[in-house]
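Colleague: no sequence for this one, just the structure:
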């Protein structure tokens, strides 16, 4: 029996039961489609994270508390001061205190938003210009002035299209005067709105908005890229001195350069992507079991047909190949539809939902191959069952 | 020249502790051009004999030489090839593939040809269907054909590979008188052109169209007689039609 005949026979019997074939292939369609979409979304957001961090400026260094409980954080203003006084490779430096979900009241309404306590260098390090008004100065810091710079989302929410400059807002219980409006920065790869923020002088924030006087991180720009390694080493030394750590004691902070930040950030999303792809992969296997189930039914249903084919001279192998190719076709067709569906879905996501989704040819090829493998694997048992029938029994089957 | 040579054929089935002796030492020769009816009540072993003749089953003992080929030691695949090349099956229930056109049903044995010969399947199948008088119904599905027409398709399928003999199992069991006569006249026609036919039946009315009647009982042949008063099914059919036309006319007037 030639390949073209085999293709012909299997396609015909698939078309004979269109609804059933479609429902059977649906498992594979969903499986393949979700694998591709999951991986696409994962790699898309990863690419965006990288872009975003890269756009922070190339010479970024960060000191962060160690991973673990909040209580382990020992970063304080004194560390910032010591770095400012003693380091020799830094062009800009800011302590940063991040408060999420903080109530900000202004105009006739309020918003729960992020409040950052930062120093004037912050907008230099982040390359984040002020659109209107001014950013606060070192003088505001030392005087602990209650001034604030707002992001566009907050400004729009509180004051509509009106000018926020000169308006007064209340953060928790403390009143602040708005002196500047930040340029819009858009959302991050994870979908966070970066413009949903209020910035206040770091000293003011520590005094008015926290109790434990800890800060969230320290961010620095290094003078030039060649000096990154030296700068990182020096910052580490200064920080160890500042925290009075004995030689060999474990550090209670992390100094990370940009490359390391990217790694840390993408690690999470990579794990997530792998997990989601694995779940989608399970649905592919479930789809395969569906194929096996239907093929078993089909073999029973077509016992007589098998008997007829055997009586006119079909060998075991002919019957085996017929049923095997049927299940492979079913899963390949399902895979094909799944791929097309995934391409459509990711296109919609990119175009209408602005979610980054990168479809790589490797993922498509892999999932198509996997679909075929599922067809062979789960089709083999029913096909063998058909081929092992005895012609007399099959012919007599009612 | 003998096409079929059965020697001391036995077929025993083991069912638990009981051994059922379906055929107990049977000798049979069928020559080229014969038209044989195998008769007998149910349980006489004629179905078992048919399975062995059709290479669907192996005898427990004995030898079966088909067209000069010893078959009793053949493997399943060799059996499949023998069925494909040497035997044309016609069954009681037609056994056509449903939702498959007449032409494609007839093509089926060509489909499983393992000899590697180049054959124009389509035109060979078409020619065979024309020979059984269905040239105008090539694309009809079995459910669009009458019982007699379906059996003709089955006969065309049996003939398409020009087998050593045709093995028919109650070929008229599902048919009315007119269709039975049609099918029997087709068989006689094929036999006149030299085709060997072995037919299993329990209807004496049908057996008289053959040339030789073998009667079985309890797994043995109890009689083997030539048909003396052989009838021509074609003549009977013409007579039957004339009578019914007359009756129909009588009913009208």
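Modeller: The structure has been received and is ready for your questions. Because the structure is predicted, anything quoted here is derived from the model rather than measured.
Colleague: against residue A:76, how distant is residue B:88?
Modeller: Counting by C-beta to C-beta, to the nearest Å, the gap from residue B:88 to residue A:76 is 98 Å. No exception for glycine: its C-beta is placed from N, CA and C like everyone else's.
Colleague: looking at these two, which is more packed in?
Modeller: A count of neighbours by other C-beta atoms under 10 Å in any protein chain shown puts residue B:88 above the other of residue B:88 and residue A:76, at 26 against 17.
Colleague: for that one, give me its contacts.
Modeller: Neighbour list for residue B:88: B:155, B:157-161, B:163, B:165-167 [criterion: C-beta atoms under 8 Å, 6 or more residues apart in numbering or on different chains].
Colleague: list just the nearest of the residues you listed to chain A.
Modeller: Checking the contacts of residue B:88 against chain A with C-beta to the nearest C-beta, the nearest one is residue B:157 at 6.9 Å.
Colleague: pretty sure that closest one is touching residue B:109, no?
Modeller: Yes. At 6.4 Å, residue B:157 and residue B:109 qualify as touching, with contact defined as C-beta atoms under 8 Å.
Colleague: okay, and the common contacts of those two?
Modeller: Common neighbours of residue B:157 and residue B:109, using C-beta under 8 Å, 6+ apart, are residue A:312.
Colleague: the nearest residue to residue A:364 once chain neighbours are set aside in helix, strand or coil?
Modeller: What sits nearest to residue A:364 in space, not counting adjacent residues and going by C-beta to C-beta, 6 or more residues apart in numbering or on different chains, is residue A:339, at 5.6 Å. Classification of residue A:339 by DSSP: H, G, I helix; E, B strand; the rest coil places it in helix.
Colleague: what residues does the stretch 201-350 of chain A have near chain B?
Modeller: Taking C-beta under 8 Å from any C-beta of the partner chain, the part of the stretch 201-350 of chain A that reaches chain B is made up of A:304-305, A:307-318.
Colleague: that older thread, filter the contacts of residue B:88 down to the ones close to chain A.
Modeller: Near chain A, by the rule C-beta under 8 Å from any C-beta, you find residue B:157 out of these.
Colleague: need the contacts of residue B:88 in TSV (columns: neighbour count, pLDDT and secondary structure).
Modeller: Listed next are these as TSV, based on neighbours: other C-beta atoms under 10 Å in any protein chain shown; pLDDT from 0 to 100; DSSP: H, G, I helix; E, B strand; the rest coil:
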residue	neighbour count	pLDDT	secondary structure
B:155	27	95	helix
B:157	29	96	helix
B:158	27	95	helix
B:159	20	94	helix
B:160	24	94	coil
B:161	23	92	coil
B:163	21	94	coil
B:165	24	94	strand
B:166	22	96	strand
B:167	29	96	strand
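Colleague: and the contacts of residue B:88 as CSV, adding distance to residue B:140?
Modeller: Output for those, formatted as CSV (distance: C-beta to C-beta, whole Å):
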residue, distance to residue B:140
B:155, 15
B:157, 14
B:158, 18
B:159, 18
B:160, 17
B:161, 22
B:163, 24
B:165, 28
B:166, 23
B:167, 25
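Colleague: residue A:218: which of the contacts of residue B:88 is nearest?
Modeller: residue B:157 (87.6 Å; C-beta to C-beta).
Colleague: still on that earlier bit, may I see the residues of the stretch 201-350 of chain A next to chain B organised as a markdown table, with neighbour count, pLDDT and secondary structure added?
Modeller: A markdown table is the format used below for those (neighbours: other C-beta under 10 Å; pLDDT from 0 to 100; three-state DSSP):
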| residue | neighbour count | pLDDT | secondary structure |
| --- | --- | --- | --- |
| A:304 | 17 | 92 | helix |
| A:305 | 22 | 92 | helix |
| A:307 | 23 | 94 | helix |
| A:308 | 24 | 94 | helix |
| A:309 | 25 | 93 | helix |
| A:310 | 28 | 94 | helix |
| A:311 | 25 | 94 | helix |
| A:312 | 26 | 93 | coil |
| A:313 | 27 | 92 | coil |
| A:314 | 27 | 92 | coil |
| A:315 | 22 | 93 | coil |
| A:316 | 17 | 93 | helix |
| A:317 | 13 | 92 | helix |
| A:318 | 21 | 92 | helix |
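Colleague: can you say which two of these are spatially most distant?
Modeller: Put simply, by C-beta to C-beta the two of those set farthest apart are A:304 and A:317, 20.1 Å from each other.
Colleague: where does chain A have low pLDDT?
Modeller: A:1, A:55-58, A:188-191 (pLDDT under 70).
Colleague: which single residue in it comes nearest to chain B?
Modeller: Across chain A, the shortest distance to chain B (C-beta to the nearest C-beta) belongs to residue A:313, at 2.4 Å.
Colleague: what's the distance between that residue and residue A:9?
Modeller: Counting by C-beta to C-beta - residue A:313 and residue A:9 are separated by 15 Å.
Colleague: and for residue A:83?
Modeller: Distance, residue A:83 to residue A:9, by C-beta to C-beta: 76 Å.
Colleague: all strands for the stretch 1-150 of chain A, in order.
Modeller: Counting by DSSP state E, counting those that start in this stretch, the stretch 1-150 of chain A has strands at residues A:60-64, A:90-106, A:109-118, A:130-133, A:147-150.
Colleague: pick the most deeply packed of these.
Modeller: The highest average neighbour count among those, using mean count of other C-beta atoms under 10 Å in any protein chain shown, belongs to strand A:147-150 at a mean of 28.
Colleague: give me the contacts around that strand.
Modeller: Here strand A:147-150 makes contact (C-beta under 8 Å, 6+ apart) with A:130, A:133, A:135-136, A:140, A:158, A:164, A:169, A:171, A:176-182, A:197-201, A:204.
Colleague: circling back to that earlier point, so the residue nearest to residue A:364 sits against residue A:36, correct?
Modeller: Yes. Applying C-beta under 8 Å, one finds residue A:339 in contact with residue A:36, separated by 6.6 Å.
Colleague: overlap of the contact sets of those two?
Modeller: Each of A:364, A:367 lies in contact with both residue A:339 and residue A:36 under the rule C-beta under 8 Å, 6+ apart.
Colleague: these two: who's more crowded?
Modeller: Taking neighbours as other C-beta under 10 Å, residue A:339 and residue A:36 compare with residue A:36 leading, 27 against 22.
Colleague: on that earlier part again, any idea how far the residue nearest to residue A:364 is from residue A:333?
Modeller: 11 Å.
Colleague: just the helices from the stretch 1-150 of chain B, written as ranges.
Modeller: Ranges of helices in the stretch 1-150 of chain B, per DSSP state H, counting those that start in this stretch, are B:46-53, B:76-86, B:102-111, B:121-131, B:147-159.
Colleague: output the contacting helices and strands for the third one.
Modeller: Contacts of helix B:102-111 with other secondary structure elements, assessed using 3 or more C-beta pairs under 8 Å, 6 or more residues apart in numbering or on different chains; DSSP states H and E, are made with helix B:121-131, helix B:147-159.
Colleague: deepest of these, which one?
Modeller: Mean neighbours per residue, mean count of other C-beta under 10 Å, is largest over the helices and strands packed on helix B:102-111 for helix B:147-159, with a mean of 24.
Colleague: quick one, what contacts residue 137?
Modeller: Looking at chain A here, since you left the chain open. Contact analysis of residue A:137 by C-beta under 8 Å, 6+ apart lists residue A:120.
Colleague: wrong one, chain B
Modeller: With contact taken as C-beta under 8 Å, 6+ apart, residue B:137 is in contact with B:102, B:129, B:144-145, B:149.
Colleague: next one: residue A:323
Modeller: Taking C-beta under 8 Å, 6+ apart, one finds A:295, A:298-299, A:379, A:382-383, A:386-387 in contact with residue A:323.
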